[in-house]
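S.K.: Below are the sequence and a predicted model; questions follow.
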Amino acid sequence: MSKTYLVTGGAGFIGSNFIHYLLKKHQDILLVNVDKLTYAGNLENLASVMDDKRHVFAQADICDKDAMEKLFDLYDFDYVVNFAAESHVDRSIKDPDVFARTNVMGTVNLLNLAKKHWLIGEDTYKPGVKFQQVSTDEVYGALGSEGFFTETTPLSPHSPYSASKASADLFVQAYGDTYKLPLNITRCSNNYGPYQFPEKLIPLMINNCLTKKQLPVYGDGMQVRDWLYVEDHCRAIDLVLSKGRPGEVYNVGGHNERPNVFIVKSIIDYVHDSIDPSVSEALIKHVVDRKGHDRRYGIDPQKIKDELGWEPETMFEDGIKLTIRWYLEHREWMEHVTSGSYQKYYEQMYANR
Ligand code: NAD
Ligand code: DAU
């Protein structure tokens, strides 16, 4: 049956991958993509679907009550998938305020609008609707060398970014508990793949290798992250939307834990062997560590596997090669991002119509 989605943050990394994924997978859908186009939003990520009638783009801030209300009035949404966020931990350490605004207040604004527009009676909502909050494993804090985060691990965020995401999760859960709003929260580990802004570890290291710049590794580089190819995350969100039990949290991860320095060396090795033999570990530079740096994240994805049959399909060794090849084949995309010209794409595109 045809579904109308509000996808927020759809011009960012995971949001744009999700839009591509849904448009390929489902014929009969309408995706209303709302993005403020902060530094992290890039409509070039969506160039191939900007003329697709099933995708409508609206530039708006999720905190803007009037603008968002107009969209809820105009479209009869079945699903809200909330990707929109400030997403970079280092930026949150320098400037936390915008993280509280967008990640917390923006989410509360969307919850209020979903509740208002979907409620049809006392604690009763339009059939089939769902609010999905795209959250992160960082809300659980850090692990020692043993154990994994499960859905019942207490929230213990450390950075301003993860504190804002945990706050948003608590609001989402509160709207489920108090108002019975149908919802899910997914908490995913580190994503990598096409269209990721090169402030994040993997695209930064790929770009620096391809342009032979230094590779800044924070501290000893032995911090562990649990890496997931972005398409696997998109498939998990799609599945949770349609089949997840309302009110439930689902952890998404693939048992792909790697120390940061291993990631950096894997990229160097691939670029050295397949692209440029002059690239070597001499480019690595250990720099001052991130403040409050979480030592290890590791997701236990058993619940989503048992309940929904989800498992990652792309192993890290394949995903990292696909990703490096993608950045190599999209040097223009990277050039536009690093020069800042991507931010003019929207104006140019509309000027040409
Ligand atoms: P991103 O920074 O690449 O994209 C965020 C998008 O949100 C951008 O397009 C930006 O313009 C938009 N945005 C920011 N503020 C907005 C506002 N006020 N109103 C409307 N749009 C706004 O982030 P990402 O890596 O794609 O992450 C997407 C979501 O997934 C985030 O909620 C993040 O917390 C979560 N997440 C990310 C990862 C990861 O590894 N990248 C892992 C788990 C969860
Ligand atoms: O775990 C999920 C989270 O993953 C998401 O919620 C966040 O939105 C996303 O940004 C990501 O957070 P991280 O802080 O883990 O990602 P980042 O790519 O910034 O850093 C990954 C690791 O690499 C981290 O331990 C810090 C380290 N690092 C990062 C950069 C940018 C470096 O050593 N050098 C660097 O230059």
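M.R.: All right, it came through fine. Every value quoted in this text rests on a predicted model; they were computed, and no experiment measured them. Ligands and ions are numbered 1, 2, ... in the order given.
S.K.: Now the longest helix seen in the chain - C-alpha only, CSV.
M.R.: Longest helix in the chain, counting residues (DSSP state H): helix 160-179. Extracted in CSV, the C-alpha atoms of helix 160-179 (Å, rounded to 0.1, in the frame of the first residue of the first chain):
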residue,chain,number,x,y,z
PRO,A,160,27.3,17.0,24.3
TYR,A,161,26.3,15.3,21.0
SER,A,162,25.4,12.0,22.7
ALA,A,163,23.7,13.9,25.6
SER,A,164,21.5,15.6,23.1
LYS,A,165,20.6,12.4,21.3
ALA,A,166,19.9,10.6,24.6
SER,A,167,17.6,13.5,25.6
ALA,A,168,15.8,13.2,22.3
ASP,A,169,15.4,9.5,22.9
LEU,A,170,13.9,10.1,26.3
PHE,A,171,11.4,12.5,24.9
VAL,A,172,10.4,10.0,22.2
GLN,A,173,10.0,7.3,24.8
ALA,A,174,7.9,9.7,26.9
TYR,A,175,5.6,10.4,24.0
GLY,A,176,5.1,6.6,23.7
ASP,A,177,4.5,6.1,27.4
THR,A,178,2.3,9.2,28.0
TYR,A,179,0.4,9.7,24.8
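S.K.: Who are the packing partners of that helix?
M.R.: helix 89-94, helix 97-99, helix 107-118, strand 130-136, strand 183-188 (3 or more C-beta pairs under 8 Å, 6 or more residues apart in numbering; DSSP states H and E). For glycine as for every other residue, the C-beta is placed from the backbone atoms N, C-alpha and C.
S.K.: what about Leu322, how many neighbours?
M.R.: 14 (other C-beta atoms under 10 Å).
S.K.: got a list of what it touches?
M.R.: Going by C-beta atoms under 8 Å, 6 or more residues apart in numbering, Leu322 touches 193, 229, 314.
S.K.: Just the ones in strands from those residues, please.
M.R.: Residues of the contacts of Leu322 located in strands (DSSP state E): Tyr229.
S.K.: Just the closest of the contacts of Leu322 to ligand 2, please.
M.R.: Closest approach between these and ligand 2, by C-beta to the nearest ligand atom: Gly193, at 12.6 Å.
S.K.: ok, the closest one - how many residues close by?
M.R.: Neighbour count for Gly193, taken as other C-beta under 10 Å: 24.
S.K.: Check whether the longest helix of the chain comes near ligand 2.
M.R.: No - using C-beta under 6 Å from any ligand atom, helix 160-179 stays clear of ligand 2, with a minimum separation of 6.7 Å.
S.K.: And stretch 207-222, by the same measure?
M.R.: Yes - looking at stretch 207-222 against ligand 2 by C-beta under 6 Å from any ligand atom, the contacts come from 216-218.
S.K.: By neighbour count, which of these wins?
M.R.: Busiest of the residues of stretch 207-222 next to ligand 2 [other C-beta under 10 Å] is Val217, holding 22 neighbours.
S.K.: Give me the pLDDT value at that one.
M.R.: On pLDDT, Val217 comes in at 98.
S.K.: now it, what's its secondary structure?
M.R.: Assigned by DSSP: H, G, I helix; E, B strand; the rest coil, the conformation of Val217 is strand.
S.K.: Show the contacting residues for it.
M.R.: Counting by C-beta under 8 Å, 6+ apart, Val217 touches 260-261, 264, 284-287.
S.K.: Between these, which sits nearest ligand 1?
M.R.: Using C-beta to the nearest ligand atom, those come closest to ligand 1 at Asn260, 13.6 Å.
S.K.: So what's the residue count around the closest one?
M.R.: A count of nearby residues for Asn260, using other C-beta under 10 Å, gives 20.
S.K.: Please report how far it lies from Asp78.
M.R.: Noted for Asn260: a distance of 40 Å to Asp78, by C-beta to C-beta, to the nearest Å.
S.K.: now swap in Glu311 and tell me
M.R.: To Asp78, Glu311 is 26 Å away according to C-beta to C-beta.
S.K.: So these two - more neighbours on which side?
M.R.: With neighbours defined as other C-beta under 10 Å, Glu311 and Asp78 compare such that Asp78 has more, 20 against 13.
S.K.: and the closest residue to ligand 1 within the chain, what is it in contact with?
M.R.: The minimum distance from the chain to ligand 1, using C-beta to the nearest ligand atom, falls at Gly12 (2.0 Å). Applying C-beta under 8 Å, 6+ apart, we find Gly12 in contact with 35, 40-42, 45, 83-84, 87, 197.
S.K.: rewinding a little: restrict the contacts of Leu322 to those that also contact ligand 2, please.
M.R.: On the criterion C-beta under 6 Å from any ligand atom, none of the entries of the contacts of Leu322 sits beside ligand 2.
S.K.: Could you point out which of the contacts of Leu322 is nearest to Glu151?
M.R.: Tyr229 (21.9 Å; C-beta to C-beta).
S.K.: And that closest one, what's its pLDDT?
M.R.: 98.
S.K.: can you list the helices and strands packed on helix 160-179 in CSV and add distance to ligand 2, mean pLDDT and mean neighbour count?
M.R.: Below are the helices and strands packed on helix 160-179 laid out as CSV (distance: least, C-beta to the nearest ligand atom, whole Å; pLDDT from 0 to 100; neighbours: other C-beta atoms under 10 Å):
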stretch, distance to ligand 2, mean pLDDT, mean neighbour count
helix 89-94, 4, 98, 16
helix 97-99, 11, 98, 16
helix 107-118, 14, 98, 20
strand 130-136, 3, 98, 25
strand 183-188, 7, 98, 24
